[in-house]
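S.K.: here you go, sequence then predicted model.
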Amino acid sequence: MRMYDIIMKKRNGFELSEEEIRFFIEGYTKGEIPDYQVSSLMMAIYFRKMTAKETLILTQAMADSGDKLDLSAIHGIKVDKHSTGGVGDKTSLALTPMVAACGVPVAKMSGRGLGHTGGTIDKLESFPGFSTGISNDTFIKNVNSIGIAIMGQTADLAPADKKLYALRDVTATVDNMSLIASSIMSKKLAAGADAIVLDVKTGSGAFMKTEEDSFALAKEMVTIGKNAGRNMSAVISNMDQPLGNAVGNAIEVREAIDTLNGKGPEDFTELCFTLGSRMLMLGGKAGSEKEARERLHEAVDTGRALDKLAQFVKAQGGDERAVYEPDRLELAKYRTEITAPVDGFIKHIDCDEIGICSLMLGGGRETKESEIDLSVGLLLDRKVGDKVNKGDRIAVVYSSDESKTGPVSERFLNAYHFSDEPVEKQTLIKGIIDGHDL
Ligand code: URA
């Protein structure tokens, strides 16, 4: 088989066979096929697209390119959750203890990633002493005994995707639906869960800016997972403004704790209940959405979900007292209030810009080497549709460096747009795609 022929076949619009797809993924992972040929194939795929069959084979070939987690030693149906990411997305922090408290085992391997804030692992490290550097044995033991464990990525999951994504990033071939869906799903398939719930974000702060693209991506990923034998659901949720009120690391952990205490922001709480009910249903812990919601509410109202977070933090070396006394999670010392410049209604927030404010404060990383300041962040008091009077506080900036508060506040205010006319609140849940309906 020759790479030249595979490129030409796709360039001419034909469907690639399983042997051809596996040939190029295996050859590329081993370094036997050069970047220039794979770039050319990516561009051909970009223009000619891939069929559902090709997309599934590509996903499986990438999932097979490295280690695969074997979660068979964990009792029960393992349900994973994945978000395509956005500003203020601290969902895993509150959702995983909620579902674990309802009997769904949570066994997650997470990376740090790049972004406006740290990833789940960084955020969890706001708990003094917390470590994700646990052994495989401890990981399995903790999931079986307390129902939840999260470890840093040790296994080499889907290395073909790592190489391909880096190549797509510099060859203008990222935004092809089959390539995005196979990239995300290859990592999820390799992570070993029986069922997967996807949170596909849509809007100005999301990877997918339009609802049409977000629904198409969700459908594509649910189809791949289903065809690979996994039970699947995808929730399409709003990212036209930050999720909840907190953006940062320790500050997001505090908001997740508030939510587990039943005092979280309405949108964030609702997203946790929507995703959580799908996880309970796929995990065999509830027969209907109504029953799942009741179980999740019960776990929050009785304090069992909060206690689950405390058990989890303690089991991984963290100071669990901070779960009950969140003031122990350190916030930066310089606090600046941002106030409304006019009377009116908040019409629109440039969501990405709020993420960039967090990055400017040092709350995220642009390169793998960057250090993160877990104590910095932003707390939004007002969001789209809220009425404000000139001078009302709309946000607080937490900074470790006084000289950053001015530029961040200015950028923040430029991201807020006001109207004299009343503005409708945004809809959080745009739709749900369940694998059994496809
Ligand atoms: N996230 C991924 O993991 N892969 C893509 O291709 C796009 C977003």
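M.R.: That came through fine.
S.K.: CA atoms for contacts and neighbours, from now on please.
M.R.: Fine.
S.K.: where's the residue in the stretch 101-250 of the chain that the ligand sits nearest to relative to Leu280, distance?
M.R.: For the stretch 101-250 of the chain, the residue closest to the ligand is Ile180, as judged by CA to the nearest ligand atom, at 3.5 Å. According to CA to CA, to the nearest Å, Ile180 and Leu280 sit 27 Å apart.
S.K.: which one's more surrounded, these two?
M.R.: The neighbour comparison of Ile180 against Leu280 (other CA atoms under 10 Å) goes to Leu280, with 26 against 19.
S.K.: excluding its backbone neighbours, what's nearest the more buried one?
M.R.: Ala286 (5.6 Å; CA to CA, 6 or more residues apart in numbering).
S.K.: report how many residues lie close to that neighbour.
M.R.: Neighbours around Ala286, by other CA under 10 Å: 19.
S.K.: test my guess that it contacts Ala292.
M.R.: Yes - under the criterion of CA atoms under 8 Å, Ala286 makes contact with Ala292 at 5.1 Å.
S.K.: identify the contacts common to these two.
M.R.: 277, 280 (CA atoms under 8 Å, 6 or more residues apart in numbering).
S.K.: quick check: mean pLDDT across stretch 215-222?
M.R.: Stretch 215-222 shows a mean pLDDT of 97.
S.K.: buried ones in it?
M.R.: Buried residues in stretch 215-222, counting neighbours by 16 or more other CA atoms under 10 Å, are found at 215, 217-222.
S.K.: for the spatially most central residue of the chain, which residues make a bridge with it?
M.R.: When CA atoms, centre = their mean is applied to the chain, the residue found nearest the centroid is Ser83 (3.0 Å). For Ser83, the beta-bridge partners are Asp199 (DSSP bridges).
S.K.: is it true that it touches Ala206?
M.R.: No - with contacts counted by CA under 8 Å, Ser83 stays clear of Ala206, the gap being 10.3 Å.
S.K.: all the helices of the stretch 51-200 of the chain, residue numbers only.
M.R.: 52-63, 91-101, 120-124, 136-146, 159-169, 177-190 (DSSP state H, counting those that start in this stretch).
S.K.: low-confidence regions, the stretch 301-438 of the chain specifically.
M.R.: The stretch 301-438 of the chain contains no residues with pLDDT under 70.
S.K.: and for Thr427, the neighbour number?
M.R.: 10.
S.K.: with Glu330 instead?
M.R.: Going by other CA under 10 Å, the residues that sit close to Glu330 add up to 18.
S.K.: who touches stretch 27-38?
M.R.: 3-4, 7, 24, 65, 159-160, 163, 167.
S.K.: chain center to the helix or strand harbouring Val38, what's the gap?
M.R.: Element membership for Val38, per DSSP states H and E: helix 35-48. In terms of CA atoms, centre = their mean, to the nearest Å, the centre of helix 35-48 is set 28 Å apart from its chain centre.
S.K.: so is that helix next to the ligand?
M.R.: No - with CA under 6 Å from any ligand atom as the criterion, the ligand is not reached by helix 35-48; the gap is at least 11.9 Å.
S.K.: could you give the angle of that helix to helix 159-169?
M.R.: Going by axes from the mean of the first three to the mean of the last three CA atoms, to 10 degrees, helix 35-48 is angled at 80 degrees with respect to helix 159-169.
S.K.: just want the angle from helix 35-48 to helix 177-190.
M.R.: Going by the same axes, to 10 degrees, helix 35-48 makes 110 degrees with helix 177-190.
S.K.: just the buried residues of helix 35-48, please?
M.R.: Using 16+ other CA under 10 Å as the test for burial, helix 35-48 gives 38-46.
S.K.: need the residues you listed in TSV with pLDDT, can you?
M.R.: Shown next, in TSV, are these (pLDDT from 0 to 100):
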residue	pLDDT
Val38	98
Ser39	98
Ser40	98
Leu41	98
Met42	98
Met43	98
Ala44	98
Ile45	98
Tyr46	98
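S.K.: thanks a lot, catch you later.
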